[in-house]
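got a sequence here, can you build the structure:
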Amino acid sequence: TLTGCPVEMALGQPIEAVMKLVNPLTGEEIENPLFRAMTEKTIQRLPRDCRLTSQEGVERWVGDSAAPIQDRRGTVLGGVLVFQDVTDQRQMESALEKSRERYQMAIAAGRVGVWDWDLATNEMYLDPILKEMLGYRDDEIANHLDDWGRLVYPDDQAPLQEAIADHLSGKTPVFELQHRMFHKDGSIRWLFARGTLVQNDRGEPYRITGTDTDITAQKQVEGLLRQQAERERVLNAIAQRIRQSLNIKDILNTTVTEIRRMLQADRVVIYRFDSDFGGKITVESLAEGGVSMLGWHFRDPCLTEQSVLRKYADGYIDITDDIYAREHPSCYLSFFEEFNIRANMVVSILKNDQLWGLLAAQQCGRVRHWEAWESGLLWQLATQLGIAIQQAELYQQVQNLNVNLEGEVEQRTAKLQQFIQLEVTLKRIIDRVR
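The predicted structure follows:
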């Protein structure tokens, strides 16, 4: 865990003994937001610059928020603290800043590909450096617009033509566009094209001269940051749902819907275990036209093996990019084919360190390579679900105790009223006898 403190050691300890939050700029400890959340009965968040120091002294950037747990009368029963490791995001932001600095240095040093386009003949001067960016020797690409244009990514052809037309017509002072081109090895490269119109003595445009800069690395970092931002948005949405509702059905439905939307998967389900490790699909988010698994019962013979159970309890993630590229028992293949599952990713949902169920994302009809960030997201959300389930069940137990207590009070009140009525009756009888 981030705190480095096992559950059995953390139980019963003050929260400040389990987790230490530090401002990296001053080195001073930051007050845990859980205290203020419970006192002020509002959601509290940490400042952006905050690190969590584990029991081993390891520091990680974290973002967290705290919220009070209240009953219907507003009485604070406790609090929930949700925090996530954002170290990777901070590192990617730093990498993006360095990438931008390298880009500016490349421009300043002239390490970019230069081109010059003759508008009348479509002849071009293409810098050998520019061709090398795409993996070609100088003699492998002719210096002509048609040959260069064939390497432009199809979806970017129209935006490129539009940007050129806008510059030629005077709508834009400079031609600028970020677009994709094919590398010789078939991969995609992102280029930042920038050019300026050149006029002849009669004021007529006859050339555009400019540069292309390879910004592929920058685009990759930006993509990772977008993924990280989306992951954080989804995690915050789930955490917010946990704070706003103690209805476990609402929480589970929100989770599978958000996961399917973000991963662009065909199906996301939650499988709830029975006492004998059979179980059924209790929650599902399904793409239009898919075959529903909701309510489907299944008893996996492999899950009765202690070694398999231990793996899932230890955080095992089962990733299958293609069911036919991996050996499966015949019953598994029949199951996959019945529901048109071609790629599958499964993580465990733990409640109090016990196996409660499974969270699965599925792609139907086609092979899919699951990225590391996708499996990481699924694991994080499964962890959040375990917390939500435990919290909802604890709240339900409190509610049940309150109901039972109210029932006992009503029963005792009724008995007391009966006793008073009996006493009144006896007094009347005694008075008549006298």
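
which ones are touching the residue most central in space within the chain?
In the chain, the residue lying closest to the centroid (CA atoms, centre = their mean) is Arg231, at 2.5 Å. Going by CB atoms under 8 Å, 6 or more residues apart in numbering, Arg231 touches Met262, Trp373, Gly376, Leu377, Gln380. The way it works is simple: take the backbone N, C-alpha and C, and place the C-beta from them, glycine included.

cool, and Asp88?
With contacts defined as CB under 8 Å, 6+ apart, Asp88 is in contact with Gln228.

shouldn't it be within a helix?
Yes: counting by DSSP: H, G, I helix; E, B strand; the rest coil, one finds Asp88 located in a helix.

ranges for the strands of the stretch 51-200 of the chain?
Here the stretch 51-200 of the chain has its strands, by DSSP state E, counting those that start in this stretch, at 51-53, 59-70, 76-85, 113-118, 124-126, 175-182, 188-199.

give me the buried positions along the last one.
Translated: strand 188-199. Within strand 188-199, the residues that count as buried by 16 or more other CB atoms under 10 Å are Arg189, Trp190, Leu191, Phe192, Ala193, Arg194, Gly195, Leu197.

how about residues contacting the following helix or strand past that strand?
As assigned by DSSP states H and E, the chain's next helix or strand after strand 188-199 is strand 205-214. Strand 205-214 is touched from outside by 103, 106-107, 112-120, 130, 133, 164, 167-168, 175, 189-200, with contacts defined as CB under 8 Å, 6+ apart.

swap in stretch 6-25?
Residues lying outside stretch 6-25 but in contact with it, judged by CB under 8 Å, 6+ apart, are 2-3, 5, 28-32, 34, 46-47, 49-53, 59, 62, 81, 353.

what's the end-to-end length of that stretch?
Taking CA to CA, to the nearest Å, the first and last residues of stretch 6-25 lie 29 Å apart.

ok, now stretch 210-224?
End-to-end for stretch 210-224, by CA to CA: 29 Å.

do stretch 38-58 as well
For stretch 38-58, the end-to-end distance is 28 Å (CA to CA).

quick check: buried residues in it?
Using 16+ other CB under 10 Å as the burial criterion, the residues of stretch 38-58 that qualify are Met38, Ile43, Gln44, Leu46, Cys50, Arg51, Leu52, Thr53, Gln55.

got a list of contacts for that stretch?
The contact list for stretch 38-58, computed with CB under 8 Å, 6+ apart, reads 2-5, 19-25, 30, 33-34, 36-37, 59-68, 70, 74, 76, 78-79, 83, 243.

can you say which of those residues are buried?
Here, 16+ other CB under 10 Å leaves 2-3, 5, 19-22, 30, 33-34, 36-37, 60-68, 70, 79, 83, 243 buried among these.

picking up where we left off before, so after the strand or helix carrying the residue nearest to the centre of the chain, what's the next helix or strand?
Element membership of Arg231 [criterion: DSSP H and E] is helix 216-244. Next in sequence after helix 216-244, counting helices and strands by DSSP H and E, comes helix 248-263.

which helix or strand lies directly C-terminal to that next one?
Assigned by DSSP H and E, the successor of helix 248-263 is strand 267-273.
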